[in-house]
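Visitor: coords please:
(chains A and B)
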Amino acid sequence: DTAVSQTPKYLVTQMGNDKSIKCEQNLGHDTMYWYKQDSKKFLKIMFSYNNKELIINETVPNRFSPKSPDKAHLNLHINSLELGDSAVYFCASSQGASGGRGYTFGSGTRLTVV
Amino acid sequence: GEDVEQSLFLSVREGDSSVINCTYTDSSSTYLYWYKQEPGAGLQLLTYIFSNMDMKQDQRLTVLLNKKDKHLSLRIADTQTGDSAIYFCAESIDNNDMRFGAGTRLTVKP
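Guide: Below you'll find the model as predicted:
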């Protein structure tokens, strides 16, 4: 199926650990994103990335780093996890010139830091 | 989402119409979107409207855009329990910069 897929769906880990969330899209899109959704459902952009440019939301701690091995993948690596990192993380993709097609979202990774 | 505002909650009875409102601030927005998020799932694009349109209808969904007032609404006709979800309004200038509202939680009562 064509989609944006992210793994794992659930991630429970202890404070101080380092973890990664993987994202893959097979839609041929040229731009990928990571969003954080907090407990109040507010969506905050963390990164957008295409093969030319990484745009970082300046409020994102540098413990978070995107890694893109190729155009179809954008993984999120988090160092030294903190309690406040607990949230649902969504990967999304879009085609830059697609106009009204919007973003296609993955189903989310619920991260719980204990 | 400080540039896109929505009311947080809406409750309707099954069979009634639901109207979810949104205001945005960037007059340069090219496209405006409505996304639906069901529990435990990602955001699903429901519909969108180009900024030079006033209205768009897609089956039970009607989108109204008042560009002068920067007001966008989503009307769901004959609302069903399966429509219960969070609905996000979003604006985009070039599709690589999308800003989301905080989401409106729609509850449909039988």
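
Visitor: Now do the residue nearest to residue A:5 when sequence neighbours are not counted against residue A:88, distance only.
Guide: Leaving out its chain neighbours, the residue that sits closest to residue A:5 by C-beta to C-beta, 6 or more residues apart in numbering or on different chains is residue A:24, at 5.4 Å. Every residue, glycine included, has its C-beta placed from N, CA and C. Per C-beta to C-beta, to the nearest Å, residue A:24 is found 18 Å from residue A:88.

Visitor: now swap in residue A:17 and tell me
Guide: Distance of residue A:17 to residue A:88, computed by C-beta to C-beta: 18 Å.

Visitor: neighbour count winner among the two?
Guide: residue A:88 (20 against 12; other C-beta atoms under 10 Å in any protein chain shown).

Visitor: and stretch B:24-38, how far out from the chain's middle?
Guide: On the basis of C-alpha atoms, centre = their mean, to the nearest Å, stretch B:24-38 sits 8 Å off its chain's mean C-alpha point.

Visitor: is any part of that stretch close to chain A?
Guide: Yes. Against chain A, stretch B:24-38 shows contacts by C-beta under 8 Å from any C-beta of the partner chain at B:30, B:31, B:33, B:35, B:37.

Visitor: Contacts only, for the closest residue to chain B within chain A.
Guide: Closest residue of chain A to chain B, C-beta to the nearest C-beta: residue A:105 (3.7 Å). Counting by C-beta atoms under 8 Å, 6 or more residues apart in numbering or on different chains, residue A:105 touches A:4, A:35, A:90, A:91, A:92, B:35, B:42, B:43, B:44.

Visitor: on that earlier part again, count the residues that sit near the residue nearest to residue A:5.
Guide: With other C-beta under 10 Å as criterion, residue A:24 counts 18.

Visitor: in what helix or strand does it lie?
Guide: Using DSSP states H and E, residue A:24 falls within strand A:19-25.

Visitor: ok, back up a step: by neighbours, which of the residues of stretch B:24-38 next to chain A wins?
Guide: In the residues of stretch B:24-38 next to chain A, the most neighbours by other C-beta under 10 Å go to residue B:33, 27 neighbours.

Visitor: give me the element that one is part of.
Guide: strand B:31-37.

Visitor: Touching, residue B:14 and residue B:84? I think so.
Guide: No. Contact status for residue B:14 versus residue B:84: not in contact, 9.8 Å apart, counting by C-beta atoms under 8 Å.

Visitor: Name the residues contacting each of those two.
Guide: By C-beta under 8 Å, 6+ apart, residue B:14 and residue B:84 have these common neighbours: residue B:108.
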